[in-house]
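Engineer: no FASTA, just this:
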Ligand code: UDP
Ligand code: MN
């Protein structure tokens, strides 16, 4: 529209204008016609310039999109997205954190040397969640990692700047690696780094689009006077955006032939979800570099920890409390590092529709929903009548107060932290029930019912067939072939 007016005016002044003048030359004196020609020329130029000024003033800022941030709640945060300013601020805030940036990194795995064991201990994980890079306590900086780094996790902003120092581990991983900072402790795969960069960039692009739209709208509805006054054509870029409350996904895992396949499948599901930290906790005494490598390749922000099942349960001939020490380790981590958001226990072999994650983010205390089963019962679900929770449907009730499946509930971090003793019991069959009971007091009316008030199935308790470990490779026969490499990628119990 604007361009059309602008060019049609140009056409008029250039062609019709000079044509009229040309026709009149014979009858008029030369002086008069030159004078007239000049007048028209000057007039046209003036109008042209005035229109151009107007056109420029109405242009949306080419390099600066400003969005007014309205803080809806503490869950909503302003974060500076991919912008020169944010990088500047990030670098300066990182500089101020000098020595803390070289503290622990949790999930360090080198792909070049996959046999190097990754050690992740309780203390090593300190400070890995929730990097606070903001210049103030009400904002954080989100950066795009251009070179291989630990995927950065955007955390909420309820903490004060004084806590920055203790969060060194992640500061480093969130640093723009285009800066001169070099790290000697961590080397990450370019592949995972690139994958991360792509994710972050696409997320940023989406936000920027929104910002542009808002900028356009405001430009269209507000007077352009201020823009005219300043006459700045280049403005610093500032893009503010809100992130939804964080999700903490606790995934117990253990060494077996299917392990990497399970984690790969789950990981790529989680990759569709923003502001999520994946706590992968292995029932083992030490981490497995192959797992670390798999997590790196997926590119979801994660912490990889270990929490072995106590020996007495391992030895038993009866049913084992599977994944309990892992989940309790996850809870311990959250008590230490998380301030808000929601936790969810996602076993590595189950199946999840990502829409459940978007629903669970906003819960206040505890939420429940149906879980599809691969048993005769078909489903485990709260029973809802007239909008109220009146009981539970499950193949086995077993005297449980909460006969629900591990995949069928989520808990808010704040609520968990208000219950310092809440944890999962080492009691096979009663893990969910014991944990939920330990959250008391909890009124049934306070349990939020997700998945269309429990009329939909968005998670499934699936099971992968157990397989025998892969046989040893005949090294003589396959010497100097790719099979020597592949063999090192197999998880054998
Ligand atoms: N798990 C574990 N250690 C074990 C067995 C299982 O950490 O010795 C984990 C497993 O990876 C899964 C969760 O605990 O995430 C539940 O285990 P499983 O899927 O075997 O139990 P099921 O779903 O069959 O009840
Ligand atoms: Mn399972």
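Structural biologist: Structure's in. What do you need? Not measured: the values here are computed from a predicted model. Ligands and ions are numbered 1, 2, ... in the order given.
Engineer: near ligand 1, which residues of the stretch 151-300 of the chain show up?
Structural biologist: 252, 253, 254, 283 (CB under 6 Å from any ligand atom). For every residue, glycine as well, the C-beta is placed using N, CA and C.
Engineer: Check these for burial and list the buried ones.
Structural biologist: For these, a burial check counting by 16 or more other CB atoms under 10 Å picks out 252, 253, 254, 283.
Engineer: Show me the shaky parts of the stretch 351-493 of the chain.
Structural biologist: Counting by pLDDT under 70, not a single residue of the stretch 351-493 of the chain qualifies.
Engineer: OK, now which residue of it is nearest to ligand 2?
Structural biologist: When distances are taken as CB to the ion, the stretch 351-493 of the chain approaches ligand 2 most closely through residue 463, which lies 5.4 Å from it.
Engineer: which one among the buried ones among the residues of the stretch 151-300 of the chain next to ligand 1 gets closest to residue 454?
Structural biologist: Nearest to residue 454, judged by CB to CB, of these is residue 252 at 25.2 Å.
Engineer: Please name the residues that touch the closest one.
Structural biologist: With contacts defined as CB atoms under 8 Å, 6 or more residues apart in numbering, the neighbours of residue 252 are 281, 282, 283, 322, 323, 324, 326, 327, 345, 347, 348.
Engineer: Got the phi and psi for it?
Structural biologist: The phi and psi values for residue 252, taken as degrees, to the nearest 10, are phi -80, psi 140.
Engineer: beta partners of it?
Structural biologist: As for beta bridges, residue 252 partners with residue 281 under DSSP bridges.
Engineer: sorry, back to before: how much space is there between the residue of the stretch 351-493 of the chain closest to ligand 2 and ligand 1?
Structural biologist: Noted for residue 463: a distance of 5 Å to ligand 1, by CB to the nearest ligand atom, to the nearest Å.
Engineer: now do residue 473
Structural biologist: Residue 473 sits at a distance of 26 Å from ligand 1 (criterion: CB to the nearest ligand atom).
Engineer: what sits against the closest residue to ligand 2 within the chain?
Structural biologist: Per CB to the ion, the residue of the chain with the smallest distance to ligand 2 is residue 349, at 4.2 Å. Applying CB under 8 Å, 6+ apart, one finds that residue 349 lies in contact with 258, 262, 462, 463, 464.
Engineer: For the third one, which non-adjacent residue is spatially closest?
Structural biologist: Nearest non-adjacent residue to residue 462, counting by CB to CB, 6 or more residues apart in numbering: residue 351, 4.8 Å away.
Engineer: In the stretch 251-400 of the chain, which residue sits closest to ligand 1?
Structural biologist: residue 323 (2.5 Å; CB to the nearest ligand atom).
Engineer: one step back: which secondary structure element is home to the residue of the chain closest to ligand 2?
Structural biologist: Secondary structure here is read from DSSP states H and E; on that basis residue 349 sits in neither a helix nor a strand.
Engineer: Alongside ligand 1, which residues does the stretch 351-493 of the chain contribute?
Structural biologist: Taking CB under 6 Å from any ligand atom as the criterion, the neighbours of ligand 1 within the stretch 351-493 of the chain are residue 463.
Engineer: again, only using 8 Å
Structural biologist: Applying the criterion CB under 8 Å from any ligand atom, the portion of the stretch 351-493 of the chain that neighbours ligand 1 consists of 406, 461, 463.
Engineer: give me phi/psi at the second one?
Structural biologist: Read it as residue 461. Dihedral angles of residue 461 (phi, psi; degrees, to the nearest 10) stand at phi -90, psi 90.
Engineer: returning to what we had before: return the distance of the residue of the stretch 251-400 of the chain closest to ligand 1 relative to residue 289.
Structural biologist: 22 Å (CB to CB, to the nearest Å).
Engineer: So for these two, which residue has more residues nearby?
Structural biologist: Counting neighbours by other CB atoms under 10 Å for residue 323 and for residue 289 shows that residue 323 has the greater number, 24 against 20.
Engineer: Now that one: closest residue in space that isn't a chain neighbour?
Structural biologist: In this structure, residue 323 finds its nearest non-sequential neighbour in residue 252, 3.2 Å apart by CB to CB, 6+ apart.
Engineer: do residue 492 as well
Structural biologist: Here the residue nearest residue 492, using CB to CB, 6+ apart, is residue 469, at 4.5 Å.
Engineer: ok, now residue 247?
Structural biologist: With sequence-adjacent residues excluded and distances taken as CB to CB, 6+ apart, residue 247 is closest to residue 276, at 4.4 Å.
Engineer: and if you look at residue 331?
Structural biologist: By the measure of CB to CB, 6+ apart, the closest residue to residue 331 outside its immediate chain neighbours is residue 423, 6.0 Å from it.
Engineer: so what's the one you found up against?
Structural biologist: Contacts for residue 423 were tallied using CB under 8 Å, 6+ apart; they are 328, 331, 435, 438.
Engineer: Filter the residues you listed down to just the ones in helices.
Structural biologist: Residues from the contacts of residue 423 lying in helices, with DSSP state H as the criterion: 328, 331, 435.
Engineer: List just the nearest of the residues you listed to residue 33.
Structural biologist: Nearest to residue 33 among the ones in helices among the contacts of residue 423 is residue 331, at 91.5 Å by CB to CB.
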